[in-house]
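[1] below is the structure, and that's it, no one-letter string:
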């Protein structure tokens, strides 16, 4: 049975078997998305990644095997940037996991209390920053944190912490953390919504049963709700992981510029990739090395997603079952 | 029993604490936005002289807001952005939900593989394929059309949508669908009449998730549709950002007005989160 | 499709004698019955010049050539290089490309995206070799952009503040620091508006602005190219040391002070001196409510020569794939004329035409800048020619290194060391 279903999907002539004709709907469900996605996402990306195996010699592309990858990993100019960007991404990911997602979970848990008044208003307000363009977010936080225009320095002075103020965005030691906190401020709404949707899906009866057993609010959340939304926790983790490599680019490019200063302390894979591919200022771009960085990024993300799909998710589903 | 109805002091306290936490985060979320809005109505000098001050008659400059509201081209830009975002969103949601439904509901050979294939697109920013995409659009004669943007955004949004939908659909109980089958509903009707209502809260999530990057994107409009007729809001605002001089008042004003349509879309979608509860109750 | 052949036919010898305008007109009549004029577009990163082009420059051209409609369509500067490369390779770029100087434009030419316009009559007659060099191949066999404008580096100062404090405009380094000290002691102004957050200020307004005084302008730059000098030599280390000396005069938290912040600090009247260049003139005169003055980078001592970085910054070239080559050439030829040079110089004060024709500069502040050409030796940014061709590009690297020196995370010697060793990695003189 399985065999014929597979064939039908593969577009081969369906066998005249009972039930085969009914399998056409699978094809109908899958084909539009697959076709559109293949033509306008996969094809262009593959075209680009292909370039990572080539080098340009006298204006024409020549096959170079893994030569570009060797350069990326061994030539100091590339290897240092790569290692630095990757390490910064790890920090970025860790901070999002430790700060953003717990905050999102806490707020979602509170918002999902059935009797809470004004939940819709709160939810909308929490999501507002996410809607903003990074150009605005970057500008306004630079204004707020600026040592010159007084918002944060004055506020800290007012509460007696004036001497603690530092130009955080300009210091190698604190720029990355500051950027991460801005990113968390902006994007906390997304995991919040995912958690919220999952919490709403928990049947009221389950919660009620726990209440009858004598559990109070916090324990109901910890012992009953949290285990039920574990799959969402996994989903959020993996989306954070991916976003950390792809989305973080825009904010850093807008706030710290293409060189991700000071001294590359905020450089992440996204900015590194952009510089390699398109160049920056007088450094001209190198399509082949850019494609190589992109492929490396692809494999890094693939490993993460693979681990999730085949390791974590399986276990989570088993738990549920 | 909801705790609101029990009027012990302990409950009142915890209610106060809860609202305290929520209000604190609201303040954190709103304060920068407040600065964006008030500074959008100020002259450049006034923004930096005293960023916290409300615009006064001296420092008031409606230039930014006027350039959005009064500019004869901005309605066109808004229209373009709206068409691109809503059509892409519709396609992402519909095609994404269909594909995710098929992946999570039916067993067929290559299911896992196809599932993986459909989400690898998350892993590399599609922006990298720009040159190939542009060549493709030139060959299809689609440059400077909204269609080009819609196609790219749909393709770009599908992987995440399919990923999230699949995750949620796997958790939906099969019983309802099976009982619908016993009732003789076709697979298509099961999808539209049973599955779609079930995943409403997720649809809202995916919609919100997908629409923001589309609305705020600068790159693809710049490359695929920079023409006057097809310009989007985000691209239109860029006229205020120069090499050495940036008209920050205008940028802030224009971009904060530009948020309004997505905000409306967000409110519309997030109402489905509530309706989702009722649908969920049926399931439970 | 037909129009392609038409263009070819029109480019044949018989037609090439016809004035470009007539040829275009013919094409218009034969090809598309409705369009009587050729529309050509200019790609540029100068978004703030939209009004200047639309209202002051293009109407003059279109009045003379009514059959050509020129449109100025700029892209945000941060996206320009990436966007233009992509559009050129995809075949959707505009007919006219505004060129960055040296290697970035050269790369476009080498990739076949820019046409060789060496034969343009005005290009040979109206520009110096130095100006053309920024947009020519190394051997000079091809030129791909008409030199359009240069910008002059230097310092701007708040005249009102200087009068208030009774300080004079400095000529030598000693005077320069004496002035800064006076301003600092008095305390009502931040002596110098500069930050390191965006990094480019440190390199462009710092290192390449005052550096030429130490390496004797062109002499040192060419010696670096020929390998006779190294970045680790005294002159270049001294330039790094020089910008390090600025630290006490910068505002608090200069590490997080971006370019916009510096501009505002100065135009709001809170800082007295601003290391910069002539490109700021328009914006500053709009925003500052005090009188502005300019002075050249200080000389080492009273007897030495002063040097200015007179940077060839903007060129204008032809998309090799344009279908309106004749119209484009007509326009480019017009950009070589004195009329255009004068229009541009005065519509965009601070962007000085590179034309050898005499042009009267009306804006007084711009005139102060251009007067520096008479008293000082001109040179171009040290890393722009050839030295930014490899990985890492010296030009971009100087951003990070200069910022590091001012931030104190590197000594001048370390910065020079790193710059030289990175250069050695790919460059052989």
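    Looks like it arrived, so ask away. Please read all numbers here as calculations on a predicted model, not as lab measurements.
[2] only C-alpha atoms for contact and neighbour calcs from this point on.
    Will do.
[3] residue B:190 reaches residue B:179, doesn't it?
    No: with contact defined as CA atoms under 8 Å, residue B:190 does not reach residue B:179; the gap is 10.1 Å.
[4] those two: who's more crowded?
    More neighbours surround residue B:190 than the other of residue B:190 and residue B:179, with 17 against 11 (other CA atoms under 10 Å in any protein chain shown).
[5] up against chain A, what does chain C have?
    Residues of chain C found near chain A (CA under 8 Å from any CA of the partner chain) are C:81-82, C:103-104, C:111, C:196-199, C:251-257, C:261, C:384, C:388-396, C:400-401, C:403-404.
[6] what about burial for these, which qualify?
    C:81-82, C:103-104, C:196-199, C:251-257, C:261, C:384, C:388-396, C:400-401, C:403-404 (16 or more other CA atoms under 10 Å in any protein chain shown).
[7] helices - which of those land there?
    Here DSSP state H is the test, and these give C:81, C:82, C:103, C:104, C:261, C:394, C:395, C:396, C:400, C:401, C:403, C:404 as lying in helices.
[8] mind giving me the domain ranges of chain A?
    The record assigns chain A these domain ranges, following automatic domain parsing: A:2-65, A:68-320.
[9] show me which residues of the stretch 51-200 of chain B sit near chain C.
    So the stretch 51-200 of chain B meets chain C at B:130, B:131, B:132, B:134, B:135, B:138 (CA under 8 Å from any CA).
[10] so what's the last one up against?
    What that stands for is residue B:138. Residues counted as contacts of residue B:138 (CA atoms under 8 Å, 6 or more residues apart in numbering or on different chains) are C:90, C:91, C:92.
[11] how about a cut-off of 6 Å?
    If you count contacts by CA atoms under 6 Å, 6 or more residues apart in numbering or on different chains, residue B:138 has none.
[12] per-residue pLDDT of residue 147, please?
    Using chain A. Looking at residue A:147, its pLDDT stands at 92.
[13] my bad, the chain I had in mind was chain C
    pLDDT, read off for residue C:147, is 95.
[14] and residue 87, how many neighbours?
    Defaulting to chain A. Residue A:87, neighbours per other CA under 10 Å, totals 15.
[15] sorry, should have said chain C
    20.
[16] does chain B sit close to the host helix or strand of it?
    Element membership for residue C:87 (DSSP states H and E) is helix C:77-90. Yes: using CA under 6 Å from any CA of the partner chain, helix C:77-90 reaches chain B at C:77, C:86, C:90.
[17] continuing past that helix, what's the next helix or strand?
    strand C:96-99.
[18] quickly run through the sheet partners of that following strand, with directions.
    strand C:38-44 (parallel), strand C:307-318 (antiparallel) (DSSP bridges).
[19] near chain B, which residues of chain C?
    C:47, C:48, C:77, C:86, C:90.
[20] residue contacts, the first one?
    Under the criterion of CA under 6 Å, 6+ apart, the neighbours of residue C:47 are B:242, C:74.
[21] ok, now residue B:135?
    Here residue B:135 is in contact with residue C:90 (criterion: CA under 6 Å, 6+ apart).
[22] and the strands in chain C?
    Using DSSP state E, the strands of chain C run over C:38-44, C:68-74, C:96-99, C:145-158, C:190-192, C:271-277, C:292-295, C:307-318, C:352-353, C:377-379.
[23] okay, the domains of chain A, which one's buried deepest?
    domain A:68-320 (a mean of 19; mean count of other CA atoms under 10 Å in any protein chain shown).
[24] for that one, what is the distance to the chain centroid?
    7 Å (CA atoms, centre = their mean, to the nearest Å).
[25] let me know whether that domain sits next to chain B.
    Yes: Domain A:68-320 comes into contact with chain B (CA under 6 Å from any CA), by way of A:115, A:131, A:133, A:197, A:201, A:203, A:298, A:301.
[26] follow-up on the earlier one: pick the most deeply packed of the strands of chain C.
    strand C:352-353 (a mean of 30).
[27] give me the contact list for it.
    Residues contacting strand C:352-353 (CA under 6 Å, 6+ apart): C:148, C:149, C:150, C:341, C:345.
[28] just put the residues of the stretch 51-200 of chain B next to chain C in JSON lines and tack on pLDDT and secondary structure.
    Output for those, formatted as JSON lines (pLDDT from 0 to 100; DSSP: H, G, I helix; E, B strand; the rest coil):
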{"residue": "B:130", "pLDDT": "84", "secondary structure": "helix"}
{"residue": "B:131", "pLDDT": "82", "secondary structure": "helix"}
{"residue": "B:132", "pLDDT": "87", "secondary structure": "helix"}
{"residue": "B:134", "pLDDT": "88", "secondary structure": "helix"}
{"residue": "B:135", "pLDDT": "86", "secondary structure": "helix"}
{"residue": "B:138", "pLDDT": "88", "secondary structure": "helix"}
